[in-house]
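Engineer: let me see the structure of the following:
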Amino acid sequence: MTVEPAAIRAWAEERMIYVELSDGRIIGSPGDRFWILKQATNEQLAAVKVEVNGYALRWEELDEDITVPGIVAGHFQLPPF
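Structural biologist: Here you go, the predicted structure:
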């Protein structure tokens, strides 16, 4: 049985969403690769919260949720620039 790494914290810098995982890794994903986050202001992106015991990221004001396993796997909604 394998266990997906969970997020212990998340933050945004310059349109990038960073997640520190329970296994010690820090990964970054471009916010602009997701429909709703692409339209968000930098301040809205910065309001990310870790939810669901570390398995989801939540932006309350945007009503947006992204799974941590999806981010780790590189599943994006939009192609690169």
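Engineer: for residue 29, give me the pLDDT.
Structural biologist: pLDDT recorded at residue 29 is 93.
Engineer: shouldn't it be in contact with residue 77?
Structural biologist: No - between residue 29 and residue 77 there is no contact under CB atoms under 8 Å: 11.1 Å. Where you see a C-beta, it was placed from the backbone N, CA and C, and this is true even at glycine.
Engineer: if you count surrounding residues, which of these two has more?
Structural biologist: Shown here are residue 29 and residue 77; by other CB atoms under 10 Å, residue 29 has more neighbours (20 against 12).
Engineer: beta partners for the more buried one?
Structural biologist: For residue 29, the beta-bridge partners are residue 17 (DSSP bridges).
Engineer: show me the contacts for it.
Structural biologist: 16-17, 19, 71, 74, 76 (CB atoms under 8 Å, 6 or more residues apart in numbering).
Engineer: got a quick PyMOL command for the buried subset of those residues?
Structural biologist: Per 16 or more other CB atoms under 10 Å, the buried members of the contacts of residue 29 correspond to this PyMOL selection:
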select buried, resi 17+19+71+76
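Engineer: in a markdown table, list the contacts of residue 29 along with pLDDT and distance to residue 7.
Structural biologist: Formatted as a markdown table, the contacts of residue 29 follow (pLDDT from 0 to 100; distance: CB to CB, whole Å):
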| residue | pLDDT | distance to residue 7 |
| --- | --- | --- |
| 16 | 96 | 15 |
| 17 | 96 | 10 |
| 19 | 97 | 5 |
| 71 | 91 | 9 |
| 74 | 86 | 16 |
| 76 | 81 | 17 |
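Engineer: name the nearest of the contacts of residue 29 relative to residue 5.
Structural biologist: For the contacts of residue 29, the minimum distance to residue 5 (CB to CB) is 9.1 Å, reached by residue 19.
Engineer: restricting to C-alpha, output the strand or helix carrying that closest one in CSV.
Structural biologist: Assessed by DSSP states H and E, residue 19 sits inside strand 16-21. Output in CSV follows, covering the C-alpha atoms of strand 16-21 (Å, rounded to 0.1, in the frame of the first residue of the first chain):
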residue,chain,number,x,y,z
MET,A,16,3.6,30.1,-8.7
ILE,A,17,1.8,27.9,-6.1
TYR,A,18,4.3,26.1,-3.8
VAL,A,19,3.5,23.1,-1.6
GLU,A,20,5.7,21.7,1.1
LEU,A,21,4.9,17.9,1.3
